[in-house]
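**Student:** this one's structure only:
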């Protein structure tokens with residue numbers, strides 16, 4: 001849950017800057033889990049897409065392709081190679097529940113800040 005709530009925090013920061021997202025794409029090991037993908041969709045309250053090739057190193061390969069001249073730019077690389085295999089729609093009831101849980105998570109994170117700061121100071125001393 002912590003990772004999903006952290007993603008929601010990042011989404012909130014983007015929205016605070018006037019950026020909007022209609023959907024998100026998930027890659028990497030977590031993208032293999034149907035349950036995890038649905039949790040992220042529900043926590044973010046937006047559709048989650050999973051590309052056919054969802055390995056995190058795929059992005060590095062695209063960047064290398066751009067550098068090598070295989071693709072003119074990132075837009076072309078994505079258009080030619082990224083194909084969405086799954087799309088998960090958020091469940092409204094679960095999204096509402098997760099919104100309440102996220103509020104508690106944020107309160108807990110604020111309450112932990114002084115302790116985290118102290119732990120960081122101890123770690124710096126060693």
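**Tutor:** Sure thing, it's come through. Remember, it's a predicted structure, so these values are computed and weren't measured experimentally. Numbers count the residues shown, from 1 in each chain.

**Student:** Poorly predicted segments of this structure, please.
**Tutor:** 126 (pLDDT under 70).

**Student:** roughly how far apart are residue 99 and residue 87?
**Tutor:** Separation of residue 99 from residue 87 (Cβ to Cβ, to the nearest Å): 22 Å. Placement of C-beta: from N, CA and C, glycine included.

**Student:** Ignore what I typed, I meant residue 37.
**Tutor:** Taking Cβ to Cβ, one finds residue 37 at 10 Å from residue 87.

**Student:** ok, now residue 105?
**Tutor:** 26 Å.

**Student:** now swap in residue 52 and tell me
**Tutor:** 12 Å.

**Student:** So which elements touch the helix ranked longest in the chain?
**Tutor:** Ranked by residue count under DSSP state H, the longest helix found in the chain is helix 92-125. Secondary-structure packing of helix 92-125 (3 or more Cβ pairs under 8 Å, 6 or more residues apart in numbering; DSSP states H and E): helix 2-16, helix 34-44.

**Student:** Test my guess that residue 80 contacts residue 71.
**Tutor:** Yes. Applying Cβ atoms under 8 Å as the test, residue 80 and residue 71 come out as touching, 6.8 Å apart.

**Student:** shared neighbours, these two?
**Tutor:** Here residue 80 and residue 71 share no contacting residue, scored by Cβ atoms under 8 Å, 6 or more residues apart in numbering.
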